[in-house]
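[1] Kindly return the folded structure for what I paste below:
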Amino acid sequence: MAKARLRQCYDRSWFASAPMYVVCLRDTGSEWVRPDDHKPHGDIDVAIATEHLCLAAAEQGLGTCWVCNFDVALVKQLFPVDGFEPVALIPIGHPAPDCPHPEKNRKPLEEIVEWL
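    Numbering: from 1, shown residues only. Down below sits the predicted model:
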């Protein structure tokens with residue numbers, strides 16, 4: 001079962017409870033490369049797509065969490081896809097009803113934005 005194999009790559013109980021996962025991969029062979037400094041943008045493109053996925057899931061009342069601290073080598077071994085590299089794992093599911101939602105303590109906009 002693919003879910004059981006993926007759960008080996010990030011051993012956390014909350015991660016294991018997710019009913020669905022998305023493995024976010026970058027295409028190392030055809031990612032866009034910035035011409036001036038030859039910086040590959042595959043990670044950036046995957047990050048943009050991943051955040052859109054998380055926002056769309058939240059709009060549907062689902063919970064997600066970026067997981068970047070996983071066993072990359074094990075993901076490659078268990079789910080080999082030539083020319084692609086794992087960047088993030090996204091568990092998707094309904095948030096637990098007893099999950100605490102702490103009050104957000106945000107800085108005032110004036111502290112983090114400089115108006116020109």
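
[2] drop to CA atoms for contacts and neighbour counts, all remaining ones
    Fine.

[3] And the helix ranked longest in the chain, what does it pack against?
    As assigned by DSSP state H, the longest helix anywhere in the chain is helix 42-59. Using 3 or more CA pairs under 8 Å, 6 or more residues apart in numbering; DSSP states H and E, the elements in contact with helix 42-59 are strand 20-27, strand 63-64, strand 84-93.

[4] tally of neighbours for V67?
    As a burial measure, V67 scores 14 neighbours (other CA atoms under 10 Å).

[5] How about V87?
    Applying other CA under 10 Å, I find that V87 has 21 neighbouring residues.

[6] before we move on, what about M20?
    If we define neighbours as other CA under 10 Å, then M20 has 13 of them.

[7] just to revisit the earlier point, could you list the buried residues of the longest helix of the chain?
    Within helix 42-59, the residues that qualify as buried by neighbour count (16 or more other CA atoms under 10 Å) are G42, D43, V46, A47, T50, L53, C54, A57.

[8] Relative to V67, which of the residues you listed is nearest.
    Comparing the buried residues of helix 42-59 against V67 with CA to CA picks out T50 as the nearest, at 10.7 Å.
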